[in-house]
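Enquirer: I need the structure of the sequence given here:
(one chain, ligands or ions: 1)
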Amino acid sequence: MIENPTIEKFFYNVTKDIGLPFYQQPEAKATHLLYNIRPGRLLSVAITPTTIVERGGWRWLQYHEKRRNGWVQERALDNSEIRLLSQDDLPVQNQLFESLPLPIDDIHNVYYYGNTRFAFCCGDEHSYDEYSQGLHGGLDFGNRNGIVLAGVHGEFVESSTASFDPMHVKVKTDDGYCVLYGHLSEVNDELENNRVVNPDTVIGVVDANRAHLHLEVRYLDETFIVNPLLLMPPNMRDAIINKFDHIGVREFFSGWNEWQSPLDQPIIRRGGWVIGRKFNIRIGTNNARFFRNQANCLALDC
Ligand SMILES: [Zn+2]
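Expert: Got it, this is the predicted structure:
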């Protein structure tokens with residue numbers, strides 16, 4: 001007899017709300033709530049055929065932790081609501097980007113995705129809290145007036161002045177991603193006519209005042225934001241990480257023990273609850289001055 005294989009898989013809690021409830025049985029109505037897992041938390045789940053159940057319109061996962069055992073809703077069976085997402089399941093990992101949007105020699109600095117000190121201290125004033133769960137939702141490449149290339153295969157969606165001023169461009173790929181190029185002063189107007197985008201297609205020009213390209217990758221109808229570094233070939237992302245340290249206001253926020261390196265950052269839900277260290281403080285004190293007093297917020301504006 002063959003034993004059921006066990007695979008350990010890691011999921012991020014990407015619920016919209018305050019947390020993800022555990023239930024004693026995979027039937028929310030029939031059992032009582034055990035515990036709420038806070039948003040952004042990484043869960044390790046041992047997957048076997050008996051630890052995944054489809055019931056009541058949901059796919060449930062059984063979860064064991066030292067002090068807690070229970071069932072959590074991974075997603076609605078019709079995918080109308082997703083509560084747990086595994087980074088392992090992201091399509092075209094390590095290969096979405098065939099080339100960098102800017103040559104690495106023309107990048108002056110890098111502001112990484114995720115749990116940065118700037119996001120913790122000043123993100124509220126820069127809409128991070130309502131937009132990207134209090135974290136930095138993109139990977140910023142410092143540059144002025146550089147020509148931005150797509151770096152990916154896809155289709156032009158739109159250029160807009162609605163956010164990431166002065167202009168941004170969106171490109172959709174076949175794998176469920178939308179790549180956003182933000183803070184452009186000029187957009188290639190041929191994109192409107194020929195919407196097919198290749199890695200060497202010109203997207204636009206980095207605005208000299210904003211002085212950086214905000215590269216953001218959204219996933220599943222733009223509901224989630226993922227770390228662009230995970231979608232780059234190892235040699236490309238290693239070149240970035242080896243060249244650019246996370247220092248000053250760009251460093252990772254160290255007031256706790258998660259999300260301390262360029263690659264271990266969580267999946268973000270657009271418009272979801274603030275996550276990370278700030279979440280705990282918010283719940284307790286909701287004291288805006290606390291954030292401002294934490295550090296000197298330099299004029300890094302992302
Ligand atoms: Zn940015």
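Enquirer: so who does residue 93 touch?
Expert: Neighbouring residues of residue 93 by Cβ atoms under 8 Å, 6 or more residues apart in numbering: 230, 231. All C-beta atoms are positioned from the backbone trio N, CA, C, and that covers glycine.
Enquirer: recalculate using a threshold of 6 Å.
Expert: Shown in contact with residue 93 (Cβ atoms under 6 Å, 6 or more residues apart in numbering): residue 230.
Enquirer: buried ones in the longest helix seen in the chain, by neighbour count?
Expert: The helix spanning the most residues in the chain, taking DSSP state H as the definition, is helix 234-243. Neighbour counts over helix 234-243 (16 or more other Cβ atoms under 10 Å) mark 236, 237, 240, 241 as buried.
Enquirer: using CSV, list the CA coordinates for it.
Expert: Written as CSV, here are the backbone C-alpha positions of helix 234-243 (Å, rounded to 0.1, in the frame of the first residue of the first chain):
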residue,chain,number,x,y,z
PRO,A,234,17.6,34.3,-11.3
ASN,A,235,20.5,36.0,-13.1
MET,A,236,18.4,39.2,-13.6
ARG,A,237,17.2,39.4,-10.1
ASP,A,238,20.6,38.5,-8.6
ALA,A,239,22.2,41.3,-10.6
ILE,A,240,19.7,43.8,-9.0
ILE,A,241,20.0,42.4,-5.5
ASN,A,242,23.8,42.2,-5.6
LYS,A,243,24.2,45.8,-6.9
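Enquirer: and the next element down the chain from that helix?
Expert: strand 268-269 (DSSP states H and E).
Enquirer: do that next one and the ion meet at all?
Expert: No. Using Cβ under 5 Å from the ion, strand 268-269 never reaches the ion; the gap is at least 12.3 Å.
Enquirer: do stretch 194-214 as well
Expert: Yes. Using Cβ under 5 Å from the ion, stretch 194-214 reaches the ion at residue 214.
Enquirer: mean confidence score for the longest helix of the chain?
Expert: Taken as a whole, helix 234-243 has a mean pLDDT of 97.
Enquirer: buried set for stretch 118-134?
Expert: Of the residues in stretch 118-134, 118-124, 126, 128-129, 131-134 count as buried by neighbour count, 16+ other Cβ under 10 Å.
Enquirer: which one is the residue of the stretch 151-300 of the chain found nearest the ion nearest to, not counting chain neighbours?
Expert: Proximity of the stretch 151-300 of the chain to the ion (Cβ to the ion) peaks at residue 214, 3.6 Å away. When the adjacent residues along the chain are set aside, residue 214 lies closest to residue 182, with 3.5 Å between them (Cβ to Cβ, 6 or more residues apart in numbering).
Enquirer: tally up the residues packed near that neighbour, please.
Expert: 26 (other Cβ atoms under 10 Å).
Enquirer: which other helices and strands contact the host helix or strand of it?
Expert: Using DSSP H and E, residue 182 sits within strand 177-187. Strand 177-187 sits against strand 167-172, strand 202-206, strand 212-219, with contacts defined as 3 or more Cβ pairs under 6 Å, 6 or more residues apart in numbering; DSSP states H and E.
Enquirer: so does that strand get close to the ion?
Expert: No. Strand 177-187 lies apart from the ion when judged by Cβ under 5 Å from the ion; the minimum separation is 6.8 Å.
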